[in-house]
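[1] need coordinates for the below:
(4 chains)
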2 protein chains.
Amino acid sequence: MIELEPLTADFFGPHCPVPALPITGGAKWSWKIMRCLEAGPRRFSELKVPLRGITAKVLAETLRAMERDGVLTRTAHDENPPRVEYELTPLGRSLFGPMDAACAWGREHLADLLAAREAYEQGEREVA
Amino acid sequence: MIELEPLTADFFGPHCPVPALPITGGAKWSWKIMRCLEAGPRRFSELKVPLRGITAKVLAETLRAMERDGVLTRTAHDENPPRVEYELTPLGRSLFGPMDAACAWGREHLADLLAAREAYEQGEREVA
DNA sequence: CTGTATCCTCATTGATACTG
DNA sequence: CAGTATCAATGAGGATACAG
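    Residues are numbered from 1 along each chain as shown, chains lettered A, B, ... in the order given. Next comes the predicted model:
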């Protein structure tokens, strides 16, 4: 199970670590899962396909962690074949606020980032 | 060296993964380093002490990665004993925007998060 | 003081096989 | 279909020693 740091009252204070967001536990996939669920509920297999490369094991673990943190709900329909649907909670949807802020930052500063990397590699070449 | 996913033009689009922010590479420490540098330049040892538990190796690696991404500068003064100062760039400072947004989200929804975890553990106890 | 060089451990992830 | 169980691989991170 993906563990987060313990939550204390001042956890989100001035020295808040990254793992503030529930989605940063298992960050590699949870962010993408959020986007897959943005348009509405999805089944296990409907998540697994677009998340190319994820294994059932990791997907299940990540979904459990997100359920534990209250960002999505898991609904198992009693049918055959079985059908399980995952849906974002209002709490989960509220995460799009900071997520979009991060994406906006990225788009805004993409040129700076690319320039910084190029400059850095340039410096490496000069040393070599 | 901490590697980030390759940057493409649409990297920060609707399906932007978490690693959008340079600070999410080596996330365990880089977020805290940002906060340590928020008030002004700091020396290597002035970072190492407040970041209790970090080793010189990991601190050096993380600082290099952040330098590569253009969020801070490294200035080695030619003295004895050596003195090296790290300082945030304007690009680095701009990261406080999304970082503060994330922290604000956390403070705003702390009660929801704690309630969700309690409910989840409650469910586990009922199963057992 | 500010690192680098090795070696090592542990957790996350991946691969594969299997089940209700 | 929607997982779980098991084992293997990978890599960030830590311990320690040493160098400029």
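[2] I'd say A:Met34 and A:Gly97 touch.
    No: assessed by CB atoms under 8 Å, A:Met34 is found out of contact with A:Gly97, at 11.7 Å. C-betas here are computed from N, CA, C, even on glycine.
[3] which one of these two has more residues nearby?
    Neighbour count, other CB atoms under 10 Å in any protein chain shown: between A:Met34 and A:Gly97, A:Met34 has more, with 21 against 14.
[4] tell me the pLDDT of that one.
    Listed pLDDT for A:Met34 reads 86.
[5] list the contacts for it?
    Counting by CB atoms under 8 Å, 6 or more residues apart in numbering or on different chains, A:Met34 touches A:Ile23, A:Val71, A:Leu88, A:Gly92, A:Leu95, A:Phe96, A:Met99.
[6] which residue ranges of chain A form helices?
    Counting by DSSP state H, one finds helices in chain A at the ranges A:27-37, A:44-48, A:56-68, A:90-94, A:96-127.
[7] any idea which of those helices is most buried?
    helix A:27-37 (a mean of 21; mean count of other CB atoms under 10 Å in any protein chain shown).
[8] quick one on the thing from earlier: any chance of the contacts of A:Met34 in CSV with pLDDT and distance to B:Thr55 as columns?
    What follows is the contacts of A:Met34, written out as CSV (pLDDT from 0 to 100; distance: CB to CB, whole Å):
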residue, pLDDT, distance to B:Thr55
A:Ile23, 55, 28
A:Val71, 88, 33
A:Leu88, 95, 39
A:Gly92, 90, 36
A:Leu95, 87, 33
A:Phe96, 86, 37
A:Met99, 82, 32
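[9] export those as a markdown table, with columns for distance to A:Glu61.
    Formatted as a markdown table, those follow (distance: CB to CB, whole Å):
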| residue | distance to A:Glu61 |
| --- | --- |
| A:Ile23 | 14 |
| A:Val71 | 15 |
| A:Leu88 | 18 |
| A:Gly92 | 17 |
| A:Leu95 | 19 |
| A:Phe96 | 23 |
| A:Met99 | 21 |
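[10] what does chain A put close to DNA strand D?
    A:43-46, A:55-57, A:60, A:63, A:74, A:76, A:81-84 (CB under 7 Å from any atom of the strand).
[11] and DNA strand C, which of these reach it?
    Restricting the residues of chain A next to DNA strand D to those touching DNA strand C (CB under 7 Å from any atom of the strand) yields A:Thr55, A:Ala56, A:Lys57, A:Pro81, A:Pro82.
[12] identify the residue with the minimum pLDDT among these.
    Lowest confidence among those: A:Pro81, with 88.
[13] that one: how many residues sit nearby?
    4.
[14] from A:Leu47, how far out is it?
    16 Å (CB to CB, to the nearest Å).
[15] hang on, the earlier thing: is it possible to get CSV of the ones next to DNA strand C among the residues of chain A next to DNA strand D that adds distance to chain B?
    Shown next, in CSV, are those (distance: CB to the nearest CB, whole Å):
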residue, distance to chain B
A:Thr55, 17
A:Ala56, 20
A:Lys57, 20
A:Pro81, 24
A:Pro82, 18
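[16] let me know the closest of those residues to B:Ala111.
    A:Lys57 (32.2 Å; CB to CB).
[17] just name the closest of the contacts of A:Met34 to DNA strand C, please.
    Nearest to DNA strand C, judged by CB to the nearest atom of the strand, of the contacts of A:Met34 is A:Ile23 at 11.7 Å.
[18] list the contacts for A:Leu47?
    Counting by CB under 8 Å, 6+ apart, A:Leu47 has contacts A:Ile33, A:Cys36, A:Leu37, A:Leu59, A:Leu63, A:Tyr86.
[19] and the last one, bridged to which residues?
    A:Tyr86 forms beta bridges with A:Arg42, A:Arg74, as assigned by DSSP bridges.
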